[in-house]
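# 3D, please:
(chains A, B, C and D, ligands or ions: 2)
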Amino acid sequence: MYNSIIIENFSNPCHSGKVTSPDFSIELGNPVCGDKIIVQGVISDDRVITESRFQAWGCATTIATANIFCGYLLNRCLDAIRGIKTEKINELLGELEPSQYHCLEMLRELFQKAGEISSDKQYN
Amino acid sequence: MYNSIIIENFSNPCHSGKVTSPDFSIELGNPVCGDKIIVQGVISDDRVITESRFQAWGCATTIATANIFCGYLLNRCLDAIRGIKTEKINELLGELEPSQYHCLEMLRELFQKAGEISSDKQYN
Amino acid sequence: MTYFNGYFDYNSTTPMSDGVIKELEKAFTLFANPSSSSKQGRECKNIINLARKYTADLIGAEPEEIIFTSGGSESNNFAVKNRLLKSIQQPGTIIVSTIEHSSILSIVDYFKKEFGFSVKRISPSRKGFIETNTILKALTPDTRLITIMMANNELGNIQPIYEIAEIAAANNIFFHVDGVQAVGKIPVDVRLLKVDSLSISAHKFYGPKGVGALYLRNSKNVHPLIHGGGQEKGIRGGTENLMGIIGMGQAALEAKESLSKWQAHFTQLRSAFCKQLFEKIPDAELNGPDDGKDCLLNTLNLYIPRIRAEALSALLEHKHHCIISLGAACSNNKVLNLSHVLKAIGLSEEKIKGSFRISFGQYTRMDDVRKLVEAIYQSYQVLMSVSG
Amino acid sequence: MTYFNGYFDYNSTTPMSDGVIKELEKAFTLFANPSSSSKQGRECKNIINLARKYTADLIGAEPEEIIFTSGGSESNNFAVKNRLLKSIQQPGTIIVSTIEHSSILSIVDYFKKEFGFSVKRISPSRKGFIETNTILKALTPDTRLITIMMANNELGNIQPIYEIAEIAAANNIFFHVDGVQAVGKIPVDVRLLKVDSLSISAHKFYGPKGVGALYLRNSKNVHPLIHGGGQEKGIRGGTENLMGIIGMGQAALEAKESLSKWQAHFTQLRSAFCKQLFEKIPDAELNGPDDGKDCLLNTLNLYIPRIRAEALSALLEHKHHCIISLGAACSNNKVLNLSHVLKAIGLSEEKIKGSFRISFGQYTRMDDVRKLVEAIYQSYQVLMSVSG
Ligand SMILES: Cc1ncc(COP(=O)(O)O)c(C=O)c1O
Ligand SMILES: Cc1ncc(COP(=O)(O)O)c(C=O)c1O
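Ligands and ions are numbered 1, 2, ... in the order given. Okay, here's the model as predicted:
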């Protein structure tokens, strides 16, 4: 049912939580199944993501997806995130069953939104 | 399928055969299944059956029936045969399955015919 | 017997008991065709008839009233098709509850679609009960069949089958009962229960999968589901599933002997579970009957707010090695997985997604229950912290 | 493996092979519901799909084309009902041979009686063959189904299924084949054979009883026999017979590997048997194909003049511990026991009563054959002397 990457990530969602003063916030909802992910993070002056945390409400694969995404962001430069190849994204969740494909969609959307994060620090 | 009496008697049909100069001969056929039994015997002057042999063409229970009948005749007085009780006849074959009831019919008929054997020696 | 610690899905299927396994081992070298007239064939036939007696005894039936089948689904299909094919020239009304097993719902739908029967679907109460007055109201002069399950697999509700049977009998309507979840968990006695047919499945009470039985009160003029070589009084063809039937017989024997012991055991497990769980998660809710009244005591259908049962179940399985169920196992083959039973009792989609079923069995120990509650609580906390 | 010495009734049923028994033993502790999404459930599903692959391989099918059933009778009923229910609004003609298994004959009769189908019964030749031109002649524009068995259980004839399949395909008629006796004894390859469906039964090739399969070329718009919870691609409901299916898979694997070895073995046994028997009883006759051509080589249907086969069989069983058969085992449940197959090839009642079937299996040894001939001869002499 779940591959080992997914299992590892929903069993130990180490990146869950909130960020006290986030530089960015990505929100994603799935109108069909009602899943929801919020990712927040902190960007350093040299455009590296130094903190990234998520909140998720949804199925196990959704939680795993959010955790994997946050893990990937952490300590990576915004430009690297923006430049990530589709193949790389596809690999991140491991092999999925058809009923889990929607999580890959979510992951792609997360990366797209991450790519849109303004390079200028937003103080909010 | 077959009870132990039947098995013993068709496995070792020790009374089968012909009698060289029979004093009586009983013939029985079953028009439905085509079974046939011929019983021949020798009667001593004191009306005792000193020899009894059968030929049978039919199913295993028919052969057993004929053998049991001959065994019963042997060394018995004609009067004893004539006087045999129905319950006794019913016991001779042991417990039967419905599909074997016709053999009990045959046995009863054999005893009836035996009862009709003329007490006078027939030289034929 | 440790290979099923952490298993809380006995309503889906059960492991075979030691006694059943032992009988199956003994049966490996039995191989004659039970229809053969050889001594060995007769022996096999006798063994089957002994299993038939044990199965009959479990539900108070006569051995002649028991037809062995390939399981609960076949039994349900056989009973329903037999009755409806008899009036195929004059299709009438079928009364069925909305919370039946898919084997009943789909065969009823089939007769509606293909042969023009009309179907009256009885909705249960908010707590999953079929009320007798709803059956009374649904009656029509052309009602051909009433089919109601004895106990629901997801909620555990025990339906008022005795009362419904009276109604059916009084109106001369064929009454089929899916007894698959009830038999082996509660006493069932067809001598008191005026049903026309009742389905059983061995794998729900520690027998093998793929074998079951249909209790059929009157086996005259039957339309067989499987026509064939004269087996099962000529109304269910096919060389007999020797091992399966032997296993079922043994399972039935054990179930009859152990039933009251199991029931007492479930009572204890249930109250311990509820006490511990509601202490830790006070806003959890029971979807089924409140205090376990008129309910399979081994079955708990729960809703926990603010979490997804799917995620809970995944954590339970992969972090704590506990197996629970998100509704009938069968539904998982399908894409959309919202339980029709939980929908039928009026739960919202949100609530259904937060609902799950726990079902105990004879091998569940008090300690397993404690561990399960702890595992649920820990997983719940993880999910709550993840959702922030 | 000595518990079946003296067994010469392999066409009726076979003992399970050591390999099958070993797999079943391993399967005792597998118990998850194969439809459950748990890891254990998935494992069971995978095991079933492996068995499906082995079963498919045995007949050259794709795994997706294999539906597991409760045996040959269910497979036959499923195939025939599925096809005929599709044209229930326009009943047409069914073409069927007179020597089919009772599971085919009785379901065909049922559709005639209940739904007004007409039936064309094809008689075999004196030696038991269905000739293709008789099929050609029977064709009507409204033919809905042709159903012919691949190999006859009593005589062993292998029918010209490939040619009949061409005729059916050319005329766009659904062609069902009862392959129960053929599969496991001769190579069957549905890639070459244009049949629409084909029945298999595990207990005919050293698998368990009560499990079989239907090969179905096109599983769209199927009318299920057992509607249910979505198992078997949604067209055969019911929790899977896990042990049965595992046993069947293993049996199929072994049959595929051993087929040519078994065939060579049967050739030897057959010729030894015939040589020895006809030497001792020169006026014995083969009811089936003369030289074993187009015949299951393990099957010999014999007539011995002037004796009753029933009495012969009783002597063989009780004095010599040899089991033979007086026609299909199934027939023994009935009162009148004259084989419909032997009648169909025109044997007189007298001849039928003197006829019996011997069928060898993989465990039959040359020595067993020698003993059997000796036992037949001794029994024959007893019966001849008894009949005077
Ligand atoms: C030719 C044929 N078809 C069908 C069957 C029925 O198969 P099963 O016994 O598995 O129902 C048999 C054997 O009994 C058979 O010989
Ligand atoms: C209420 C109910 N009816 C019928 C069935 C079907 O029984 P089986 O799995 O033996 O086909 C089940 C279980 O799957 C069930 O829970």
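
# OK, contacts around the residue in chain A that ligand 1 sits nearest to?
For chain A and ligand 1, the shortest gap (Cβ to the nearest ligand atom) falls at A:Met1, measuring 34.2 Å. Glycine gets a C-beta too; all of them are placed from N, C-alpha and C. For A:Met1, the contacting residues are A:Glu97, D:Ser37, D:Ser38, D:Lys39, D:Arg42, by Cβ atoms under 8 Å, 6 or more residues apart in numbering or on different chains.

# residue ranges in the chain under the pLDDT threshold?
This is for chain A. Scanning chain A for pLDDT under 70 picks out A:119-124.

# that answer is for a different chain, and I need it for chain C
By pLDDT under 70, the weakly predicted segments of chain C are C:1-3, C:327-336.

# just give the nearest non-adjacent residue to C:Ser75, would you?
Counting by Cβ to Cβ, 6 or more residues apart in numbering or on different chains, C:Ser199 is the residue found nearest to C:Ser75 once chain neighbours are left out, at 3.6 Å.

# hang on, that neighbour in a strand?
Yes - counting by DSSP: H, G, I helix; E, B strand; the rest coil, one finds C:Ser199 located in a strand.

# mind listing the residues bridging to it?
C:Ser199 forms beta bridges with C:Asp178, C:Leu214, as assigned by DSSP bridges.

# tell me where the chain has helices.
Since you didn't name a chain, this refers to chain A. A:4-11, A:60-73, A:78-82, A:86-92, A:101-115 (DSSP state H).

# actually, chain C is the one I wanted.
Using DSSP H, helices in chain C cover C:18-27, C:39-58, C:72-86, C:102-115, C:132-138, C:161-170, C:242-280, C:309-320, C:340-344, C:349-353, C:366-387.

# and those: which comes nearest D:Lys112?
helix C:72-86 (14.7 Å; Cβ to Cβ).

# give me the neighbour count for the closest residue to ligand 1 within the stretch 201-350 of chain C.
For the stretch 201-350 of chain C, the residue closest to ligand 1 is C:Thr239, as judged by Cβ to the nearest ligand atom, at 3.1 Å. A count of neighbours around C:Thr239, defined by other Cβ atoms under 10 Å in any protein chain shown, yields 28.

# go on, C:Leu84?
Count around C:Leu84 with other Cβ under 10 Å applied: 22.

# wait, what's in contact with residue 42?
Just going to use chain A. A:Val19, A:Ser21, A:Pro22, A:Asp23, A:Ile49, A:Thr50, A:Glu51, A:Ser52.

# my bad, chain C
By Cβ under 8 Å, 6+ apart, the residues touching C:Arg42 are B:Met1.

# so it versus ligand 1, what's the distance?
Distance of C:Arg42 to ligand 1, given as Cβ to the nearest ligand atom, to the nearest Å: 18 Å.

# coming back round to it: which two of the contacts of A:Met1 have the greatest separation?
Of all pairs in the contacts of A:Met1, the most separated under Cβ to Cβ is A:Glu97 and D:Ser38 at 14.3 Å.

# of these two, who's got more company?
A count of neighbours by other Cβ under 10 Å puts D:Ser38 above the other of A:Glu97 and D:Ser38, at 25 against 11.

# give me every residue that touches residue 112.
Since you didn't name a chain, this refers to chain A. Contact analysis of A:Gln112 by Cβ under 8 Å, 6+ apart lists nothing.

# switch to chain C, please.
Contacts of C:Lys112 by Cβ under 8 Å, 6+ apart are C:Ile94, C:Ser118, C:Val119.

# in strands, which of the residues you listed fall?
C:Ile94, C:Ser118, C:Val119 (DSSP state E).

# give me the buried subset of those.
Buried members of these, scored by 16 or more other Cβ atoms under 10 Å in any protein chain shown, are C:Ile94.

# for chain B, state which of the ones in strands among the contacts of C:Lys112 is nearest.
C:Ile94 (40.6 Å; Cβ to the nearest Cβ).

# relative to the whole chain's centre, how far out is stretch C:180-193?
11 Å (Cα atoms, centre = their mean, to the nearest Å).

# again but with stretch C:158-166, I slipped
What separates the centre of stretch C:158-166 from the centre of its chain is 16 Å, taken as Cα atoms, centre = their mean.

# do it and ligand 2 meet?
No - Stretch C:158-166 is not in contact with ligand 2 by Cβ under 6 Å from any ligand atom; minimum separation 11.1 Å.

# which other residues reach that stretch?
C:97, C:129-132, C:135, C:146, C:148-152, C:175, C:177, C:182, C:186, C:192-195, C:294-296.

# now do stretch C:121-129
Identification of contacts with stretch C:121-129 by Cβ under 8 Å, 6+ apart yields C:95-99, C:130-131, C:134-135, C:138, C:148, C:152, C:155, C:157, C:159-160, C:287-290, C:294, C:341, C:344-346.

# please indicate which of those residues are buried?
Using 16+ other Cβ under 10 Å as the burial test, the contacts of stretch C:121-129 include C:95-97, C:99, C:130-131, C:134-135, C:148, C:152, C:155, C:157, C:159-160, C:287-289, C:294, C:341, C:344-345 as buried.

# around ligand 1, which positions in chain C sit nearby?
Close to ligand 1, as judged by Cβ under 6 Å from any ligand atom, chain C has residues C:Gly238, C:Thr239.

# and the longest strand for chain C?
The strand that spans the most residues within chain C, counting by DSSP E, is strand C:143-149.

# for A:Ile38, list each beta-bridge partner.
Legend: beta-bridge partners of A:Ile38 under DSSP bridges are A:Glu27, A:Gln55.

# what about it, neighbour count?
A:Ile38: 19 neighbours (other Cβ under 10 Å).
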